[in-house]
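**Student:** This is a predicted model, with the sequence first.
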Amino acid sequence: METPIKIDLEFNKNEDTNKLDVSKMRHLFKKIALGGGEKKIAKQHSRGKLTARERIDYLIDKESEFLELGAFAGHEMYAEHGGCPAGGVVGGIGYVKGRQCMIVANDATVKAGAWFPITGKKNLRFQEIAMENRLPIIYLVDSAGVYLPMQDEIFADKEHFGRMFRNNAKMSSMGIPQISAIMGSCVAGGAYLPIMSDEALIVEGTGSIFLAGPYLVKAAIGETVDKETLGGAKTQSEISGVTDYNMPDDKTCLDTIRDLVDKFGSFEKAGFSREKPALPKEDMGQIYGVLPAERTKPYNSKEIIKRLVDNSEFTEYKEDYGKTITCAYARIDGWAVGIVGNNRQIVKNAKGEVQFGGVIYSDSADKAARFIMNCNQKKIPLVFLHDVTGFMVGTRSEHGGIIKDGAKMVSAVSNSTVPKFSIVIGNSYGAGNYAMCGKAYDPRLIVAWPSAKIAVMGGSQAAKVLLQIQTASMKAKGEEITEEEQNALLDKITARYDEQTTPYYAAARLWVDAIIDPLETRKVISMGIEAANNAPVEKFNPGIIQT
């Protein structure tokens, strides 16, 4: 019989800390959701236009879920340019007429919807998710185009602005429906996006589309022309035929998009197993008390899993082997999943040797690699729960072949063809991030809890290494450094490094798709698997794992 969770002072401290972190996250999101601010929103309304978020709210099915992605993109970046809340674009997965769609809306309250470097990265991520999962994509266009002061960081490279239109063409060839609504400015290269979509709508009086606006036309060829005559709704719908539907206002435009989506056919499903969903039997809210406030403390990670899976039931694979990773079959919101989670308890292996929680040893890497192969064989989506400090180091581990075993796990993750979903619940350091399916390993979605830490290594270890390098460099130059100066330097390095390990730093740069309340984890995984079920699963080739 299992021992129930102990509700004590430490549990309460953990609960308070984690709930406070969630509250801070929600407060910051509300601020970001204002985009360019209330004055800019009022200006948008005065022109008869809805904001990006209002357009999405109106478009999606009432009382349905909307999984916003990249809300913290650009956070605390571009301060010298006035900032770029949410990267100047709002998007995510929503339901339109019961059909999951990727929805992308430019936020014209942020620099008139201009494209910063992070805007391009975020838009490309939306397209990547749509292509991987064969999701229809709806663009709500209201953008002044490339942000010219930073054009050198957004225009010419492989993953810059132009990649959008290449992806338009690729999605078209894949049969993925694309609908664009021109609800504001659509200028220069950006004009290709809606016209490379399958169908384009334009809103009378506010929508306009042209390769060069009136000022550039005047400068280039000396012609004087107003915006409406050059590329307004009547021009592009009646004269050029560039757009397919002329809409009187935003709401009619969005209603028409709903009508168009309503007629879509569906793709053949991948065939992932789903039964009737059930909530966990264990109290999900206790996650806040189970997860330590101090990231270095051990805890029973299986108590987290019990509060995420249906009926709190899971079948553990190789329970007594490779104990620092838990591998288990379970269901989440009815969907069959294979869970690979870091076990943060201090354990003993079969030889009686102590193994530290959150560290990947040779046996746990071997177990995880085999489990991943099994899930691919059975067509079971994978869920990775990160709380890892990395692979074990030292003479014993090196002699035992930790690099070889770690390579097998990384190879298994790399070659896995079933959908992968990563939840960074705590630490995600170094090669542990890679082995647990970090962003570089193509998770369909990767999200973080407010408790997440993502970096090459922990702050204190990194700071000590950097301090050693810096003091050695100073001594080589003949400079002496006192112990007091060393401590001050260590504090400075630690503070800088710790700032770079926060989930907000990661989310700002789109290393993760979202920061979520732990209680939203089931929703994210369920919506993610539902999306992934639209795309076929390729045959798994294990590669190096077989050696």
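**Tutor:** Looks like it came in fine. Residues are numbered from 1 along each chain as shown.
**Student:** Tell me how many other residues crowd the residue nearest to Asn541 when sequence neighbours are not counted.
**Tutor:** Using C-beta to C-beta, 6 or more residues apart in numbering and skipping the chain neighbours, the partner closest in space to Asn541 is Asn415 (5.8 Å). From N, CA and C alone the C-beta is placed, and that goes for glycine too. When neighbours are defined as other C-beta atoms under 10 Å, Asn415 has 17 of them.
**Student:** Is it correct that Asn415 is in contact with Pro542?
**Tutor:** Yes. With contact defined as C-beta atoms under 8 Å, Asn415 counts as touching Pro542 (6.0 Å).
**Student:** measure the residue nearest to Asn541 to Asn167 for me?
**Tutor:** 24 Å (C-beta to C-beta, to the nearest Å).
**Student:** who's in contact with Arg444?
**Tutor:** Residues in contact with Arg444 (C-beta atoms under 8 Å, 6 or more residues apart in numbering) are Ile129, Glu132, Asn133, Pro419, Lys420, Phe421, Gly528, Ala531, Ala532.
**Student:** now, which of those residues sits nearest Leu193?
**Tutor:** Nearest to Leu193, judged by C-beta to C-beta, of the contacts of Arg444 is Ile129 at 16.6 Å.
**Student:** Find the helix or strand that the closest one is a member of.
**Tutor:** helix 117-133 (DSSP states H and E).
**Student:** Okay, buried residues for stretch 185-192 please.
**Tutor:** Under the neighbour-count criterion of 16 or more other C-beta atoms under 10 Å, stretch 185-192 has Ser185, Cys186, Val187, Ala188, Gly190, Ala191, Tyr192 buried.
**Student:** in the stretch 51-200 of the chain, which segments are predicted with low confidence?
**Tutor:** Counting by pLDDT under 70, the stretch 51-200 of the chain shows low-confidence ranges at 189.
**Student:** mind listing the helices for it?
**Tutor:** 52-59, 117-133, 163-174, 192-195 (DSSP state H, counting those that start in this stretch).
**Student:** Please report how far Asp379 lies from Gly528.
**Tutor:** No, residue 379 isn't Asp; it's Lys. Distance of Lys379 to Gly528, computed by C-beta to C-beta: 16 Å.
**Student:** Who has more neighbours out of the two?
**Tutor:** A direct count of neighbours by other C-beta under 10 Å for Lys379 and Gly528 places Gly528 higher, at 27 against 16.
**Student:** mind checking which helix or strand that one is in?
**Tutor:** helix 521-532.
**Student:** same question, Leu201
**Tutor:** Going by DSSP H and E, Leu201 is part of strand 199-203.
**Student:** neighbouring contacts of that strand?
**Tutor:** 179-184, 194, 208-209, 233, 236-237, 242-250, 253, 256-257, 260.
**Student:** please redo it, this time with the cut-off set to 7 Å
**Tutor:** The contact list for strand 199-203, computed with C-beta atoms under 7 Å, 6 or more residues apart in numbering, reads 179-183, 194, 209, 233, 236-237, 243-247, 249-250, 253, 256-257, 260.
**Student:** So which of those sit within strands?
**Tutor:** By the criterion of DSSP state E, membership of the contacts of strand 199-203 in strands covers Ile179, Ser180, Ala181, Ile182, Met183, Ile209, Tyr245, Asn246, Met247.
**Student:** Now the residues you listed in a markdown table, please, with extra columns for neighbour count and distance to His160.
**Tutor:** A markdown table is the format used below for the ones in strands among the contacts of strand 199-203 (neighbours: other C-beta atoms under 10 Å; distance: C-beta to C-beta, whole Å):
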| residue | neighbour count | distance to His160 |
| --- | --- | --- |
| Ile179 | 24 | 24 |
| Ser180 | 27 | 20 |
| Ala181 | 30 | 24 |
| Ile182 | 31 | 22 |
| Met183 | 29 | 24 |
| Ile209 | 28 | 21 |
| Tyr245 | 19 | 30 |
| Asn246 | 17 | 32 |
| Met247 | 25 | 31 |
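**Student:** Pick out whichever of those sits closest to Glu159.
**Tutor:** Comparing the ones in strands among the contacts of strand 199-203 against Glu159 with C-beta to C-beta places Ser180 closest, at 21.3 Å.
**Student:** Give the bridge partners for that closest one, please.
**Tutor:** Beta bridges link Ser180 to Tyr139, Ala200, judged by DSSP bridges.
**Student:** do you know how far the residue nearest to Asn541 is from Asn376?
**Tutor:** In terms of C-beta to C-beta, Asn415 sits 8 Å off from Asn376.
**Student:** What part of the chain, helix or strand, is modelled with the least confidence?
**Tutor:** When each helix and strand of the chain is scored by mean pLDDT, DSSP states H and E, helix 459-476 comes last, with a mean of 76.
**Student:** Do a quick rundown of the strands in the stretch 251-400 of the chain.
**Tutor:** Counting by DSSP state E, counting those that start in this stretch, the stretch 251-400 of the chain has these strands, from start to end: 314-317, 325-332, 335-342, 347-348, 354-355, 359-360, 382-388, 390-391.
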